[in-house]
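Undergrad: What would the 3D arrangement of this be:
(2 chains)
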Amino acid sequence: MKTAISGFGCVCSLGGSVEEISRRLFDESVKPSYLKDRFKSSFSQQYPVFQVPEDILRQKDEYESYSFFFLRKALTEAMDKAGIKKSHLKQLKVGVCIGTSVDASFNCFDFYKDWRDDIKMSLDPLDKYIKYSVSDEVLNFLGVKGLSQTVVTACASGTDAIGIGAQWIENGFCDIVIAGGADELNLIPFTGFIKLMIASKNHCKPFDKNRDGINLGEGAGVFILESQSSLKKRNGKKMGSVLGYGNACDGYHATAPEPEGRGLRKAVNFAMKQAGINKEEISFINAHATGTLDNDAAEAKVFNDLLKGVPVTATKSRTGHALGAAGAIEACISLICLNVRKVPKTNNFDTVDEKLNVIPVLANLNIDKKIAISDSLAFGGCNACIILGGKDYE
Amino acid sequence: MNKLYVKSSAFADKSNGIEEFYETKKLRRVDNFIKVVLFAAAKTLYEAEISLESEKEDIGLIIATGRGPVKQTCNFMDSIIDGGDVLASPLAFSSSVHNCIETALSILLNFRGSCLTVSQGGGSFESAVNTAKSWLLSQRCKYVLLGAADEIHPVIDKEYGHKIYGGIHAAFFLLTFEETENEFVFDELFKDDFNPSIQAFELAKKYSSFLNKKDARRVVADYIKTYLAGKQKDVFAVFENQRIKDMLKEADKSEKEKIFVGLKLLCSVNEISDAENKDIESVCIESIKKSKQINFFTSGSTGIPKSCIHSQDMIKEETDGVAFLFNKIKRIVSTVPSHHSYGFIFGLQVPKLMNLTVVYKPPIPFPEWNEILQEGDLFVTFPLFLKYLIDINFRFPKGITVLTSTSPCPDTVFEEIYARGAQRVIEIYGSSETGAIGFRESAGAPFFLLPFWNYEERGSEITEVFRKKTPLKSELPDIVRTKGERVFSVMERKDHAVKIAGINVYPLKIEKILKKHTDVKDVVVRSGGDRLKAFIVLRDDADEKTAKKSIRDYIHSVLTAHEIPKNITFGARLPITPFGKKTDW
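TA: Alright, predicted model coming up:
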């Protein structure tokens, strides 16, 4: 596999564009904050989150979800970077593959509460939910028809969406695929993760011995994936490549990963085989690294067995866990790192966990290799992994 | 571009029957939505002969769900509304995650390869097909088990329930590039944003087997059991034997040859021989599935088997057309073998259509029948067995519907069954050639013609019946007279001529003549090759030696040379199958 990335865009707590994120990615001062008035929760002052900055949130249109707003913003940036206008797409076979969790769920809490209480109200939120899919909404936004897929493999959605999109290009289904993920902070997952006791009241500490859970985050990441022939035809420039994609399930538990990393191991092996690379060619791993006990342990097992010696960074310590968008945001960050040849330190890591035997990058690290791995683990034992090449990778 | 083929497919909208695959205790924490989905997935794998327990490394799993587990999402929100977010249910949250169907299936069916959940509203299934194809092209897996599953959202149900397909729908397709007889062709029909999985559900009906492997095995086994039960004394042992291979081992050479002749007809197989012994079961099952037909052949009054081939469409027409009789039925208990058209329709197809559990019991009148039958059961049986039950003074529990067919139900039996507590007794009139034609619910009453039939009449006699949707038409085996629009009475059996040395003779007429002899209690006359043969049961008080001589003299005095049976067999009772059908001797 060697699918070109001709543009990319990203929104997360670090900022509303690739440039802004690139600037803040290597800044040590990034910290989570507490929710103010996004939604009412008894827990909002106890559990910190990584929110998209206020000035960006204010740009949202009234009738769109935060998730779609983040996605629209990242998509617009990605298309600008790729030099593609909406009108260009009409001559091409277009695909849209987006991962999400909140934006595919019935999470209209206030509507549901009123409905349950028999309060008379408009059914518009329900009607919108019945007709809505985030990937179809992207096609509508672009004014084109094409393949459309909303991937909902929980926290692996964003990584899966990019991998699937790249495979569509490889298999000749599309000339261009808009692939990525989008998600927003929302009462339902916020409460759910707290109740499952895997949310941290502190700044999350991936791979640390004293890690005690996640900080939720939000945002979107979008890749413009393009076939080599389409790129050549319009004299586009490559910003990177998707070289491999693996996906495998644990078949083990509803919320916990298989302790030996069974599915992840298979996903990584497949992706590396598809990319035709060995571990010596990999500059770094952008780990899923949520900061939960079980996730980091399973991931560490696989890294030690398959990728020993490859530097590991955990960017959720800077962006939080953006659920269905996480894999896409981390893919964008990995591409930034490959292209600026630098990997950020893992924030908040203090104490080595001997059982894990993984010490993440502790200071911003210069790199010279051109390939990175980004992996995701999800509820239900979904595991996904993509291998990315930087702009200079031939 | 490679073509997609369907290796197997199945669908479900209820979980009744999942116990065939999983013990109840293993699923005690699984909610009904997941159970329905699991049932459809398990059936699909079973059809493809893939073990549910095996670790599936090269089978990808893709779930298309427009809504996901929405009831669990609502349960979680309910727990927040009712008790505040501090008391929200973590279990409801983890069960509300969109990919929880994929999770449950990957755990319970041991998937180890690529897995994915797609949620695209009414377009979920179509979207997922693209990725299934893409996975196969990139050799991520050899097969993809693609499923679509949705439950109706509680809010949508309340607000729009009047105009949507309700309930849970799950459908699965095992897709591959390996050529099978079923090329996968996507169907735009039935796309529905309210119940996104209905599209795949309807498509799966097209691709699912005419008869699943388990049911096909039952048809074959029931034929062999019925044959052996008629030949062997230990009927209990015959019915307890579940393995076709073992049953064949019990049969001697000549029995086996006769069984093979029957199986060839029943399953539309060209050749079966003892050399193939170990493969007989799969040869028969594959042939039924491939030919999409069953031959409910009868040995017939001439002793020569007569083909009664019913195609998949004919069977569907009949099943759909009789289901209205059983609206309030909760379960079916059948004593009728499924190689018989009556047993096949009412013991296999009706329960499948109506998602009812079936309990199969051999027709042996042990007292435990009281414990077997439960309120709400449809008891599929036949007059001879009902007579047995009357003989052992059986009383029906309340709420039982008794269904009887295969031979006319005497008025006395009909009345006695009602007297013994049956809530409803339905007699089906029909034949192996036609399937069910009419029904009645009281002794002596005329029959109502079932809705899928039309008929020709001459005077008041029905000369021919023909189906409305399929090309099945047939003369009736009896003289039948109309008693009003689509109502008829059965007068008597038609006497079909048999040619003996170029001359037509009539076995039923000869039976009637023989029955007039004072020592004859019962008699059957059939073709015995080039001449007729007779089986005679003497009256209990007859002197055997004198009676036999007297009967032979009588025969020669009243019958013509062509009518005289060449072979006469005397016995204590007429040769009948364990299901009360007259059989050859």
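Undergrad: For the closest residue to chain B within the stretch 151-300 of chain A, which non-adjacent residue is closest in space?
TA: Using C-beta to the nearest C-beta, residue A:192 is the residue of the stretch 151-300 of chain A that sits closest to chain B, at 3.4 Å. Where C-beta positions appear, they are placed from N, C-alpha and C, glycine not excepted. Sequence neighbours aside, residue B:93 is the residue nearest to residue A:192 in space, at 3.4 Å (criterion: C-beta to C-beta, 6 or more residues apart in numbering or on different chains).
Undergrad: one step back: mind saving the C-alpha coords of the host helix or strand of the residue of the stretch 151-300 of chain A closest to chain B as PDB?
TA: Per DSSP states H and E: residue A:192 is located in helix A:187-195. C-alpha atoms of helix A:187-195 as PDB (Å, rounded to 0.1, in the frame of the first residue of the first chain):
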ATOM      1  CA  LEU A 187     -22.500  14.200  28.700                       C
ATOM      2  CA  ILE A 188     -23.000  10.600  27.800                       C
ATOM      3  CA  PRO A 189     -19.400   9.400  27.300                       C
ATOM      4  CA  PHE A 190     -18.200  11.900  29.900                       C
ATOM      5  CA  THR A 191     -20.500  10.300  32.500                       C
ATOM      6  CA  GLY A 192     -19.900   6.800  31.200                       C
ATOM      7  CA  PHE A 193     -16.200   6.800  31.500                       C
ATOM      8  CA  ILE A 194     -16.300   8.300  35.000                       C
ATOM      9  CA  LYS A 195     -18.800   5.600  36.000                       C
END
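Undergrad: which ones are touching the residue of the stretch 151-300 of chain A closest to chain B?
TA: By C-beta atoms under 8 Å, 6 or more residues apart in numbering or on different chains, the contact list for residue A:192 reads B:76, B:88, B:90, B:93, B:94, B:96.
Undergrad: so the last one sits right up against residue B:79, yeah?
TA: It refers to residue B:96. No - using C-beta atoms under 8 Å, residue B:96 is not in contact with residue B:79; the gap is 10.5 Å.
Undergrad: Report how many residues lie close to the residue nearest to residue B:32 when sequence neighbours are not counted.
TA: The shortest distance from residue B:32 to any non-neighbouring residue, by C-beta to C-beta, 6+ apart, is to residue B:15 (6.0 Å). Look at residue B:15: counted by other C-beta atoms under 10 Å in any protein chain shown, it has 23 neighbours.
Undergrad: If we go by neighbour counts, what in the helix or strand where residue A:264 lies is buried?
TA: In the assignment (DSSP H and E), residue A:264 maps to helix A:262-275. Neighbour-count burial for helix A:262-275, counted by 16 or more other C-beta atoms under 10 Å in any protein chain shown, picks out A:262, A:263, A:264, A:265, A:266, A:267, A:268, A:270, A:271, A:272, A:274, A:275.
Undergrad: Quick check, pLDDT for the residue positioned nearest the centre of chain B.
TA: Nearest to the mean C-alpha position of chain B, by C-alpha atoms, centre = their mean, lies residue B:348 at 2.2 Å. Note for residue B:348: predicted pLDDT of 94.
Undergrad: Excluding chain neighbours, what is closest to it?
TA: Distances taken as C-beta to C-beta, 6+ apart place residue B:338 nearest to residue B:348, at 5.0 Å, with adjacent residues excluded.
Undergrad: Thanks a lot, catch you later.
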